[in-house]
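# What follows is a predicted protein model with its sequence.
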Protein chains: 4
Amino acid sequence: MKDIQNSPDQRGIEIQQVGVKDFHLPVLIATQSGSFQQVLGRITASASLPREFKGTHMSRFIEILAEWSQKPISGREIKLVLKEICSRLAAPAAEIALAFRYFLPVTAPVSKIPSPLDYSCEFHGRLTNTGQAPAYDYQMGVEIPVISLCPCSKEISDYGAHNQRAMIRAWIRCRPGRYLWLEELIGLLQEQGSSRVYPLLKREDEKFVTEEAYLRPKFVEDILRDCVLVLRGEERITWFRVEVESFESIHNHNAFARHEEGKK
Amino acid sequence: MKDIQNSPDQRGIEIQQVGVKDFHLPVLIATQSGSFQQVLGRITASASLPREFKGTHMSRFIEILAEWSQKPISGREIKLVLKEICSRLAAPAAEIALAFRYFLPVTAPVSKIPSPLDYSCEFHGRLTNTGQAPAYDYQMGVEIPVISLCPCSKEISDYGAHNQRAMIRAWIRCRPGRYLWLEELIGLLQEQGSSRVYPLLKREDEKFVTEEAYLRPKFVEDILRDCVLVLRGEERITWFRVEVESFESIHNHNAFARHEEGKK
Amino acid sequence: MKDIQNSPDQRGIEIQQVGVKDFHLPVLIATQSGSFQQVLGRITASASLPREFKGTHMSRFIEILAEWSQKPISGREIKLVLKEICSRLAAPAAEIALAFRYFLPVTAPVSKIPSPLDYSCEFHGRLTNTGQAPAYDYQMGVEIPVISLCPCSKEISDYGAHNQRAMIRAWIRCRPGRYLWLEELIGLLQEQGSSRVYPLLKREDEKFVTEEAYLRPKFVEDILRDCVLVLRGEERITWFRVEVESFESIHNHNAFARHEEGKK
Amino acid sequence: MKDIQNSPDQRGIEIQQVGVKDFHLPVLIATQSGSFQQVLGRITASASLPREFKGTHMSRFIEILAEWSQKPISGREIKLVLKEICSRLAAPAAEIALAFRYFLPVTAPVSKIPSPLDYSCEFHGRLTNTGQAPAYDYQMGVEIPVISLCPCSKEISDYGAHNQRAMIRAWIRCRPGRYLWLEELIGLLQEQGSSRVYPLLKREDEKFVTEEAYLRPKFVEDILRDCVLVLRGEERITWFRVEVESFESIHNHNAFARHEEGKK
């Protein structure tokens, strides 16, 4: 049976990424505690395609991903997956993005009742094998729901202040081999809103959260700047992009702030 | 060229709906003021298929919809579109759903500055031509952003109260020929939240909205009940379904309430 | 601390549904083989609210759901969850919808290589405890990707035929206590397209699937009718709604067919 | 009334982007023919925020956008909007993204019947006013539905070939002042699939499209490379990114290819 993908191509174009997109698979995520958490992964995986070849072999991505779905994954394993893609597809470069909802137990502030909060997360890796030493670029992304309470609204109003759910989204790069755990990055950032959010709040907790938010009014600009300070302060992080989006209760559109920064 | 759709089918099954889904088209919506507003329509249109025929003729839906997109549409025209579908497809019944964002000018409460607010709306019609007189069922749906401010949070907290954007979604049926305008239905319902939302608010407006919401705390249950009272009170309405969804600022999930009711 | 939710309400309106929406939680789904599969659940849960009370207690939904997330769930357990909601919220009725991606191993048709295919599924239950015996209504929904190949295109063309991914979506009700497993319902329906889809296909499999689809051309109407025959034939099923949506390769919109039917 | 936004900030962080997101507004798009088309715009607009200030003035974005929504917009006007944002917000830089569905008439290949096809488009501009001459970066993006027919499937199968809807997504930058019209960019790229898609096809057209696709089998890699050749060949373009995503009929996931390239 003819292998059309392997047939030569005359256009002389090396393609940077060819692969599969929005492939769903249960995946194991390595946890900080040394165990793992099973999540629903949405995966995009690709390889570069040398100019000589007409097409890539898409089924190999599925084979590789299905095998890896049995083992706990972190930034380290993402690199191994990429190595395997490069090797089995004879590709000079490969890229993968793994998006998933990750759950961490949070504790209600007064009643101390625990409940599981979901955070949208992403692992993103790129391995380039051209010429000299292979280059590995790895980013980790998290999305953290918080409360934002408007300082202007509080200041100008005789009582109350508009507030709403807001999302802190951060992507980071780390020094080689010195990755943060999801738990660490989430821990750094989820204190930066006016208050935190919880799946389960009893009345005494709701009082606490309401008052805490009122005492810590923050614009999206404030939340963003506080995130920037925290991300600058973590010495393992070499680059970050952070965005805060606030689903304004007084509008039908959102407010946002975004910032990106590399460190020397 | 053989007309496969017209070939006979042996399975003996009359299909209730066959047609096109998620077809996008600019459409003109008749306004209460006697003019029209051009919107981006997302359309699902279908006809029933008698047991004798293998398939429907999908291209005729597009022809009919493209022609109608030139004329201002309201509940009355939806019926004419359905008549035309029944006639040109030789179908005993037809159904259409037209979803769109509709813009109405709103006026900031203190500065009186106007700005255009978007409401997601839907016209839904079904015409059945079986046996005796044709039956026309018409529903209109609107989605209205408002603020909800939690009465419990206000009561138990020493200061502040959590609040957030909430959506009132209502679908109504009316007495034959006595339709409400979108403007009327929106007008009835948008006063039922803790306060209204606006695209454009100056500081004096923000103060007003913040304080109004604080003075009118409402659970989703309260907003829903107030909507029910208003919808019961409008004598042209014979049936309604109403839902309130509140994007809770203190959680990563939403609160909602829903109710459906016919009148004698 | 005052319990505002428990305070009396004067509007005299019993609300049909009040609760939480789009709450995410890892959940265990009971499998046909007697084991279970962990999935990412998206949950909407509600209770009716008697006219006397101002509000429901939202945190109890989270408590109940978090507890149940530890035990394998099927149609039977959904009823127990609803009983618990009614009891702990003193509500005459409760409703729950649990949506999730479910994975089943499929075997490539020629190479026999297995790979995991994802199906979007939903459990939906409603328990009503008014007056006499409690009434339990339970629906199960599945979404099954298949190939549809157009019989008209095949007939009129000298070579080839347009085809595309299509989705079969079915919801069923069963005789009391005689539920189908997800595996059974999926098994009945996934043979009804022009051919099946697979995550992993080697070349010999791709040849098989391509040719099978070409030999079994089906309109959405055909797939729907074949699904209707199969659903009518399964005696445990008392009601069904089935929809086929085909992401037409030759258009930027979709074709669909839908049918609903109760049995005596 | 105190202007909290104008109060000084001590953290010393200049924020790159602060503004409004997902604001909906009817907008006029300048057409190649010298007229304009009204579309539904989804807008994100932001300004940079100097380190001295605590917050930006969000309502001014809405004022500026509402005014500009009355005038036909192209790449040139985007720059003027950005100038106005910089000026009215006293900001050194501003950014805007305007996404919308744009309709162009397409003509069925044999019957010559016209119908309106929708293309998702985006204008994206960034103006930086720091130090010397202001820098204006402008990108235009289009999404074009086409058919992809698999060369491997055709080659190895005795009859038929799997095919599906695919999306070509392209973003371009142009030489200063030498912008392409949406109509031009769409015209260049929509010929690069196995065949084009149309809202309205009569049987003779469907035969044409089916056979054309069968005679022009293309992997996502092929479509991408042909797009690259065309984009390289248009001398007004100085940079492009192009992606092809194919909603594989034989899988429940997609295939894609992506490439980005600057020209000297």
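Good, I have the coordinates. As the structure is a prediction and not an experimental result, all values here were calculated from the model.
# In chain A, mark out all the helices, start to finish.
Residue ranges of the helices in chain A, as given by DSSP state H, are A:58-68, A:75-88, A:151-156, A:182-189, A:203-215, A:220-233.
# State the mean pLDDT of the fifth one.
Translated: helix A:203-215. Helix A:203-215 carries an average pLDDT of 98.
# got the angle for that helix vs helix C:58-68?
Here helix A:203-215 points in a direction 120 degrees away from that of helix C:58-68 (axes from the mean of the first three to the mean of the last three CA atoms, to 10 degrees).
# which outside residues touch helix A:203-215?
By CB atoms under 8 Å, 6 or more residues apart in numbering or on different chains, the residues outside helix A:203-215 that reach it are A:108-111, A:113, A:147, A:149, A:154, A:161, A:163, A:194-198, A:201, B:150, B:152-153, B:156-162, B:249-250, C:1, C:3. (Glycine included, C-beta is placed from N, CA and C.)
# In terms of pLDDT, where does the closest residue to chain B within the stretch 51-200 of chain A sit?
Residue nearest to chain B within the stretch 51-200 of chain A (CB to the nearest CB): A:G160, separated by 3.1 Å. The per-residue pLDDT reported for A:G160 equals 97.
# residue contacts, it?
With CB under 8 Å, 6+ apart, A:G160 has these contacts: A:153-154, B:149, B:160-161, B:163, B:210-211, B:213-214.
# 7 Å instead, please
B:160-161, B:210-211, B:213-214 (CB atoms under 7 Å, 6 or more residues apart in numbering or on different chains).
# count of neighbours near the residue of the stretch 151-264 of chain A found nearest chain C?
Going by CB to the nearest CB, chain C is nearest to A:L200 of the stretch 151-264 of chain A, at 4.4 Å. Using other CB atoms under 10 Å in any protein chain shown, A:L200 has 23 neighbouring residues.
# give me every residue that touches it.
Applying CB under 7 Å, 6+ apart, the residues contacting A:L200 are A:108, A:113, A:115, C:59, C:62-63.
# Switch those residues over to JSON lines; also include distance to D:C174, neighbour count and pLDDT.
Formatted as JSON lines, these follow (distance: CB to CB, whole Å; neighbours: other CB atoms under 10 Å in any protein chain shown; pLDDT from 0 to 100):
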{"residue": "A:A108", "distance to D:C174": "55", "neighbour count": "20", "pLDDT": "98"}
{"residue": "A:I113", "distance to D:C174": "58", "neighbour count": "18", "pLDDT": "97"}
{"residue": "A:S115", "distance to D:C174": "52", "neighbour count": "20", "pLDDT": "97"}
{"residue": "C:S59", "distance to D:C174": "56", "neighbour count": "22", "pLDDT": "96"}
{"residue": "C:I62", "distance to D:C174": "53", "neighbour count": "23", "pLDDT": "98"}
{"residue": "C:E63", "distance to D:C174": "58", "neighbour count": "17", "pLDDT": "97"}
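# Residue numbers of the stretch 101-250 of chain A in contact with chain C?
A:101, A:103, A:115-116, A:118, A:199-204 (CB under 7 Å from any CB of the partner chain).
# 6 Å instead?
Proximity of the stretch 101-250 of chain A to chain C (CB under 6 Å from any CB of the partner chain) is limited to residues A:101, A:115, A:118, A:199-200, A:203.
# what about A:Y136, neighbour count?
A:Y136: 17 neighbours (other CB under 10 Å).
# my guess is it contacts A:K79, does it?
Yes. A:Y136 is within contact range of A:K79, at 5.3 Å (criterion: CB atoms under 6 Å).
# residues shared between the contacts of those two?
Contact criterion CB atoms under 6 Å, 6 or more residues apart in numbering or on different chains; residues shared by A:Y136 and A:K79: none found.
# What separation do you get for the closest residue to A:A66 other than its chain neighbours and C:P199?
Take A:A66 and drop its neighbours on the chain: the residue closest to it by CB to CB, 6 or more residues apart in numbering or on different chains is C:S115, 5.9 Å away. From C:S115 across to C:P199, the span is 4 Å (CB to CB, to the nearest Å).
# Compute the number of surrounding residues for A:S46.
A:S46 sits with 27 neighbouring residues when counted by other CB under 10 Å.
# looking at it, it is touching A:G19, isn't it?
Yes. A:S46 lies in contact with A:G19 (CB under 6 Å); the separation is 3.0 Å.
# which residues does the closest residue to A:N6 other than its chain neighbours bridge with?
Excluding the flanking residues, the one nearest A:N6 by CB to CB, 6+ apart is A:F53, at 6.4 Å. A:F53 has these beta-bridge partners by DSSP bridges: A:P8.
# rewinding a little: could you redo the helices of chain A as TSV and give each row distance to B:K83?
Shown next, in TSV, are those (distance: least, CB to CB, whole Å):
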stretch	distance to B:K83
helix A:58-68	48
helix A:75-88	58
helix A:151-156	52
helix A:182-189	58
helix A:203-215	55
helix A:220-233	51
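# Look up which residues are beta-bridged to the residue nearest the centre of chain A.
Closest residue to the average C-alpha location of chain A: A:G141 at 1.9 Å, with CA atoms, centre = their mean. Beta bridges link A:G141 to A:E122, A:W171 when assigned by DSSP bridges.
# The one 5 residues further on now?
When bridges are taken as DSSP bridges, the partners of A:V146 come out as A:A166, A:R196.
# quick revisit: from the residues of the stretch 101-250 of chain A next to chain C, which single one is nearest D:R225?
Closest approach between these and D:R225, by CB to CB: A:R101, at 36.5 Å.
# can you count the residues close to that closest one?
Residues near A:R101, counting by other CB under 10 Å: 18.
# Can you report how many residues lie near the nearest residue to it once chain neighbours are set aside?
Spatial nearest neighbour of A:R101, excluding adjacent residues (CB to CB, 6+ apart): A:D118 at 4.7 Å. Neighbourhood size, A:D118 [other CB under 10 Å]: 22.
# show me what contacts A:D118?
By CB under 6 Å, 6+ apart, the residues touching A:D118 are A:101, A:103, C:24.
# mind checking how far A:W181 is from A:T31?
8 Å.
# follow-up on the earlier one: so how far is A:S153 from the residue of the stretch 51-200 of chain A closest to chain B?
From A:G160 across to A:S153, the span is 8 Å (CB to CB).
# circling back to that earlier point, reformat the contacts of A:D118 as JSON lines; add pLDDT.
Output for the contacts of A:D118, formatted as JSON lines (pLDDT from 0 to 100):
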{"residue": "A:R101", "pLDDT": "98"}
{"residue": "A:F103", "pLDDT": "98"}
{"residue": "C:H24", "pLDDT": "98"}
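# Which members of those residues are positioned in strands?
A:101, A:103, C:24 (DSSP state E).
# closest to C:L127 among the residues you listed?
C:L127 lies nearest to C:H24 out of the ones in strands among the contacts of A:D118, by CB to CB, at 23.2 Å.
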